[in-house]
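Participant: The amino acid sequence is not available; the structure is as follows:
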């Protein structure tokens, strides 16, 4: 990767070997989890943690943006923008999901039997089209269809999708229920993609997540449209499940051109999706509300007691 050679004197592999065994911080989404599992297939890791975005101090951080600690001197593997030019840490960055960064940097060191995990990373960030050709060739099962049997009001039905689509949803479900490190362990012990799909903990997490999703729809949350650009949705889940990003992505898919902002009034977590997501996140961050991410996909935090103040910033854009 040409960009990396401009940033660092040594290869990522060389730097990681120097600090092995290392402590590792990871983003709690499928990209961060699958990418971390790939690292753990190559290197010895002494400790794993999944902190809030930007807030890490471990030896290595993956998919977590720039560090809030300006004195941090570790190794950052990331695809989010806004990394400072004047930094003390080593940065391996590209505009692709971190799983693909690892593939490009560590291709000769990743065990062949683990390459399917790259797909979990890319699907998790909605970029399955970037999967390297050799992985499709090595794991044709990823393109076979898999679905579920269900029952509607009047009849039974079946669903069918390429198997690779399911790699991220189950792992995300476990993580969104509050167990990102458990999700990582599930990926670590999986020998094949089917081990993810058939894992009972994954299946249970997906069912719990679906129940929470249905509960939110039944509550009929109010949708506020601002200047025909933004759709604001305030949700109040019955549990601590992290569901705002999922709802934002689903609503975004049905509202092309609009930017979706879903606020969890219980936890203060906010998810932004759409054309102006990064623009809004930057404005919110400048106003003192922690926000960040990359084009089209951002996250933010708002104290539940300051939601109206938060919304007034968006209304003024």
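Facilitator: Great, that's in hand. A quick note: this is a predicted structure, and the numbers were derived from the prediction, not measured.
Participant: which residue ranges form the strands in the stretch 1-150 of the chain?
Facilitator: Assigned by DSSP state E, counting those that start in this stretch, the stretch 1-150 of the chain shows strands spanning 22-26, 45-49, 60-62, 75-78, 90-93, 145-146, 149-151.
Participant: Any idea which of those gets closest to residue 252?
Facilitator: strand 75-78 (23.1 Å; Cβ to Cβ). Where C-beta positions appear, they are placed from N, C-alpha and C, glycine not excepted.
Participant: what sits against the closest residue in space to residue 82 that isn't next to it in sequence?
Facilitator: Nearest residue to residue 82 in three dimensions, chain neighbours excluded: residue 66, at 6.0 Å (Cβ to Cβ, 6 or more residues apart in numbering). By Cβ atoms under 8 Å, 6 or more residues apart in numbering, the residues touching residue 66 are 54, 76, 78, 80, 82-84, 87.
Participant: which residues touch stretch 307-317?
Facilitator: Against stretch 307-317 from outside (Cβ under 8 Å, 6+ apart): 224, 226-227, 229-230, 232, 234, 261, 263, 265, 270, 279-280, 283-284, 287, 289, 302.
Participant: Give the buried residues for stretch 29-45.
Facilitator: 29-43, 45 (16 or more other Cβ atoms under 10 Å).
Participant: ok, back up a step: buried subset of the contacts of stretch 307-317?
Facilitator: 226, 230, 232, 234, 261, 263, 265, 270, 280, 283-284, 289, 302.
Participant: Find the pair from those residues with maximum spatial separation.
Facilitator: Greatest spacing in the buried ones among the contacts of stretch 307-317, by Cβ to Cβ: 265 and 283 (20.9 Å).
Participant: What mean pLDDT does stretch 140-149 get?
Facilitator: Throughout stretch 140-149, pLDDT has a mean value of 86.
Participant: Start and end of that stretch, how far apart?
Facilitator: Stretch 140-149 has an end-to-end distance of 23 Å (Cα to Cα, to the nearest Å).
Participant: go on, stretch 162-170?
Facilitator: For stretch 162-170, the first-to-last residue distance is 14 Å (Cα to Cα).
Participant: Keep only those of the contacts of stretch 307-317 that are in strands.
Facilitator: Mapping the contacts of stretch 307-317 onto strands (DSSP state E) picks out 224, 226, 230, 232, 234, 261, 263, 270.
Participant: Confidence-wise, which of these comes last?
Facilitator: Minimum pLDDT for the ones in strands among the contacts of stretch 307-317 is recorded at residue 226 (91).
Participant: what about it, distance to residue 298?
Facilitator: Separation of residue 226 from residue 298 (Cβ to Cβ, to the nearest Å): 17 Å.
Participant: Pick the most buried one from the strands of the stretch 1-150 of the chain.
Facilitator: Burial of these is given as mean neighbour count (mean count of other Cβ atoms under 10 Å); strand 60-62 ranks first at a mean of 27.
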